[in-house]
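Enquirer: no sequence for this one, just the structure:
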């Protein structure tokens with residue numbers, strides 16, 4: 001199965017998450033193509049699409065919403081899975097619904113319904129964020145570190161598009 005994996009990122013965390021997804025899809029015998037939403041091609045010629053974003057100021061990166069909107073009709077005809085990478089997923093029991101709502105807001109406006117949604121924790125390495133983002137995250141007492149769970153990302157990819 002040819003699968004387009006599109007991501008939008010600021011710090012690079014969503015890209016690394018998309019890399020893990022693409023690696024797992026390859027191991028399952030699929031043919032993933034990893035693309036930044038800034039330059040991603042149309043989904044024509046692909047059998048499925050996975051699209052995901054990191055979160056900034058409580059929203060997906062705008063470039064992903066723009067890409068999804070530009071290709072809405074084609075995406076509506078394909079299996080579409082989405083993922084969100086967000087520091088709040090360090091505590092999924094407390095924040096799952098709120099993080100889910102971030103992607104749902106964009107998808108709902110576009111009338112797109114994913115076949116699966118992955119919600120993953122990210123990282124906070126201050127040097128990878130801009131000054132104002134660092135300031136806000138520090139004021140929120142965001143712990144520094146890598147909270148990702150590569151095993152959970154790989155398991156989600158396997159469950160979403162088994163080989």
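Expert: In hand now; what should we look at? Given the structure is predicted, the values throughout are model-derived calculations rather than measurements.
Enquirer: where do the strands sit along the chain?
Expert: 2-8, 31-36, 48-56, 59-60, 80-85, 116-120, 123-124, 145-146 (DSSP state E).
Enquirer: so what does the longest one touch, helix or strand wise?
Expert: This means strand 48-56. strand 2-8, helix 13-27, helix 62-70, strand 80-85, helix 92-110 (3 or more C-beta pairs under 8 Å, 6 or more residues apart in numbering; DSSP states H and E). The C-beta positions use only the backbone N, C-alpha and C, and glycine is treated the same way.
Enquirer: what are the contacting residues of the longest one?
Expert: Looking back up the chat, that one is helix 92-110. Contacts to helix 92-110, defined as C-beta atoms under 8 Å, 6 or more residues apart in numbering, come from residues 53, 55, 58-60, 64-65, 68-69, 72, 82, 84, 86, 88-89, 113-114, 117, 119, 121.
Enquirer: give me the buried subset of those.
Expert: 53, 55, 60, 64-65, 68, 82, 84, 86, 88-89, 114, 117, 119, 121 (16 or more other C-beta atoms under 10 Å).
Enquirer: flag the least confident of those residues.
Expert: For these, the weakest pLDDT value sits at residue 88, with 88.
Enquirer: give the contact list for that one.
Expert: Contacts of residue 88 by C-beta under 8 Å, 6+ apart are 55, 94-95, 98-99, 121.
Enquirer: ok, now residue 67?
Expert: 6, 8, 37, 40, 51.
Enquirer: coming back round to it: and of the helices and strands packed on strand 48-56, who's closest to residue 46?
Expert: strand 2-8 (4.4 Å; C-beta to C-beta).
Enquirer: tell me how far the most centrally placed residue in the chain lies from residue 135.
Expert: Per C-alpha atoms, centre = their mean, the C-alpha nearest to the average position across the chain is that of residue 52, at 2.2 Å. Distance of residue 52 to residue 135, computed by C-beta to C-beta, to the nearest Å: 26 Å.
Enquirer: I'd say the residue nearest to the centre of the chain and residue 14 touch.
Expert: Yes: Residue 52 is within contact range of residue 14, at 5.8 Å (criterion: C-beta atoms under 8 Å).
Enquirer: joint contacts of these two?
Expert: Counting by C-beta under 8 Å, 6+ apart, the residues touching both residue 52 and residue 14 are 7-8, 83, 85.
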